[in-house]
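Colleague: My questions concern the predicted model and sequence given below.
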Amino acid sequence: MLPMAKPKKTIINLSDFFFPVFLLQCKLLHVFAILDPVDFLALQAIRNSLQDMPGSNFFASWDFTSDPCNFAGVYCEGDQVIALNLGDPRAGSPGLTGRLHPAIGKLSSLAELSIVPGRIIGKLPESLCQLKNLRFLAISRNFISSGIPPTLGQLRGLKTLDLSYNQLTGDIPRSIGSLPQLANVILCHNKLSGSVPPFLSRTLTRLDLKHNDLSGSLSPDALPPSMQYLSLSWNRLTGPVDQLLNRLEQLNYLDLSMNQFNGKIPSRIFSYPITYLQLQRNSFTGPVQPADQVTIATVDLSYNRLSDQISPMFSGVQKLYLNNNRFTGQVPGILVDRLLAASIQILYLQHNYLTGMQINPTAKIPLSSSLCVQYNCMVPPVQTPCPLKAGKQTTRPTAQCNEWGR
């Protein structure tokens, strides 16, 4: 009988067994513990207070069994959230609905917060003031209501504040104007009231407050010389602005229309690098005499109380609206020449007290140009179509012309 063979010893290398388990444990730790627990809980609270509108699937990737730093709109550095962009930014996205949870203030390293257009309602959380690292705050085109928290003035590093197209009421806190690093303030299309606070930031380049209910006057030093874009239209602002505008030499866009500003229009602004100059529907008075040739594409000074003769320096403007003022004298010949050469596309001079215009009655106005001179102290030398709101009367009554000429 053959001797029984000894069974082979099976040597188990414990490291072969534990190493894959250790890797699995590491992966689980990576999934569940890579994010700071405070930030993790804050994201959960934010998610629970917001929902996708029908047709939106922004939150589809927000599965809290995986790494939150891989969620749509969440950007991390180390174990903390540094940027949060809520909602699908693609054009036509339905956006989000719900309310902003105060837990958003727990994201202590957050530097950027933006929310795309949607139907988010309610107040801005007071807890936003806890985000000491916040540089960019943009919550526009939603239904945010109530006032702007004055505590936002504690965000000393804030550079961009965009709360436009909401339902905000109350005044603009003076604490916002005192923020030292602001570059862009966009609060247009709300229901804000009160006065415009002075803005102290030496780096402010854009201020957009149009379509609100702001009132009061602007002090000569209300805005820094760094301003490039200024829109205050559709408010109830009053007072002179000549001293203020004389300081803003870097302006490339200016819209003060639909207010109650008065006083003179400073001649200096016509030399600024502005593309669109919109001062219409105010109460500006006096003559307008640019020192040099004006090369601004569009100049709208209509519906004011401007007087004296029209300056020939406006001949370099493509679209010139001087209608509904108190200009007198002859239309400068160079404006007529530029119109006939199609260099001036729009020349609206109706509803003034002009007494003459040298143009051949058989002259052909280019199809690309528009001229309106009706309702002045002269018979229009050429018949051209005018805007419907210019009325049907072609000549101002003689009694008005005599009264104004005294």
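Modeller: Now that the structure is in, tell me what you want to look at. All values reported here derive from a predicted model rather than from experimental measurement. Numbering: from 1, shown residues only.
Colleague: Can you tell me the element residue 374 falls in?
Modeller: Assigned by DSSP states H and E, residue 374 belongs to neither a helix nor a strand.
Colleague: Show the subsequent helix or strand relative to the lowest-mean-pLDDT helix or strand in the chain.
Modeller: The helix or strand of the chain with the poorest confidence is helix 14-33; it has a mean of 37 (mean pLDDT, DSSP states H and E). For helix 14-33, the following helix or strand on the C-terminal side (DSSP H and E) is helix 37-49.
Colleague: Packing partners of that next one?
Modeller: strand 80-86 (3 or more C-beta pairs under 8 Å, 6 or more residues apart in numbering; DSSP states H and E). Yep, even glycine has a C-beta here, placed from its N, CA and C like the rest.
Colleague: quick one: strands adjacent to the strand it packs on?
Modeller: strand 74-77 (antiparallel), strand 112-115 (parallel) (DSSP bridges).
Colleague: Now the first one: buried residues?
Modeller: By 16 or more other C-beta atoms under 10 Å, the buried positions in strand 74-77 come out as 74, 76.
Colleague: Measure how far that strand is from the centre of its chain, please.
Modeller: Its chain's C-alpha centre and that of strand 74-77 lie 27 Å apart, by C-alpha atoms, centre = their mean, to the nearest Å.
Colleague: Give me the mean pLDDT for it.
Modeller: If you average the pLDDT over strand 74-77, you get 97.
Colleague: which residues touch it?
Modeller: Strand 74-77 has contacts (C-beta atoms under 8 Å, 6 or more residues apart in numbering) with 35, 43, 68, 69, 81, 82, 83, 84, 85, 109, 112.
Colleague: What about those, which one has the most neighbours?
Modeller: residue 81 (27 neighbours; other C-beta atoms under 10 Å).
Colleague: any idea how far it is from residue 276?
Modeller: When distance is defined by C-beta to C-beta, to the nearest Å, residue 81 is 40 Å away from residue 276.
Colleague: Residue 36 too?
Modeller: 47 Å.
Colleague: Give me the more crowded residue out of these two.
Modeller: Remark: of residue 36 and residue 276, residue 36 carries more neighbours, 18 against 14, as counted by other C-beta under 10 Å.
Colleague: Could you single out the nearest of the contacts of strand 74-77 to residue 145?
Modeller: residue 84 (21.5 Å; C-beta to C-beta).
Colleague: what residues are up against that closest one?
Modeller: 46, 73, 74, 75, 104, 107, 110, 112, 113, 114.
Colleague: In a helix, residue 216, correct?
Modeller: No - secondary structure of residue 216 (DSSP: H, G, I helix; E, B strand; the rest coil): strand, not part of a helix.
Colleague: Based on its surroundings, how many neighbours for it?
Modeller: Neighbours of residue 216 using other C-beta under 10 Å come to 14.
Colleague: can you check residue 372 too?
Modeller: Residue 372 has 19 neighbours, counted by other C-beta under 10 Å.
Colleague: where in the chain is pLDDT low?
Modeller: Scanning the chain for pLDDT under 70 picks out 1-33, 405-406.
Colleague: let's go with 80 and repeat that
Modeller: 1-33, 91, 403-406 (pLDDT under 80).
Colleague: Can you check which of the strands paired with strand 80-86 gets nearest to residue 233?
Modeller: strand 112-115 (25.4 Å).
Colleague: ok, residues contacting that closest one?
Modeller: Contacts of strand 112-115 (C-beta under 8 Å, 6+ apart): 75, 82-87, 96, 100, 104, 131, 134-140, 142.
Colleague: Those, buried ones only, as a ChimeraX selection?
Modeller: Buried residues within the contacts of strand 112-115, by 16+ other C-beta under 10 Å, are selected in ChimeraX with:
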select :82,83,84,85,86,87,96,100,104,131,134,135,136,137,138,139,140,142
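Colleague: quick one, helices of the stretch 151-300 of the chain?
Modeller: Taking DSSP state H, counting those that start in this stretch as the criterion, the stretch 151-300 of the chain carries its helices at 174-177, 242-245.
Colleague: Buried ones in the last one, by neighbour count?
Modeller: When neighbours are counted by 16+ other C-beta under 10 Å, the buried residues of helix 242-245 are found to be 242, 244, 245.
Colleague: Could I get the CA-only coordinates of that helix as PDB?
Modeller: What follows is helix 242-245, C-alpha atoms only, in PDB (Å, rounded to 0.1, in the frame of the first residue of the first chain):
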ATOM      1  CA  ASP A 242     -23.000 118.400 -14.100                       C
ATOM      2  CA  GLN A 243     -20.400 118.300 -11.300                       C
ATOM      3  CA  LEU A 244     -20.800 114.600 -11.000                       C
ATOM      4  CA  LEU A 245     -20.500 113.900 -14.700                       C
END
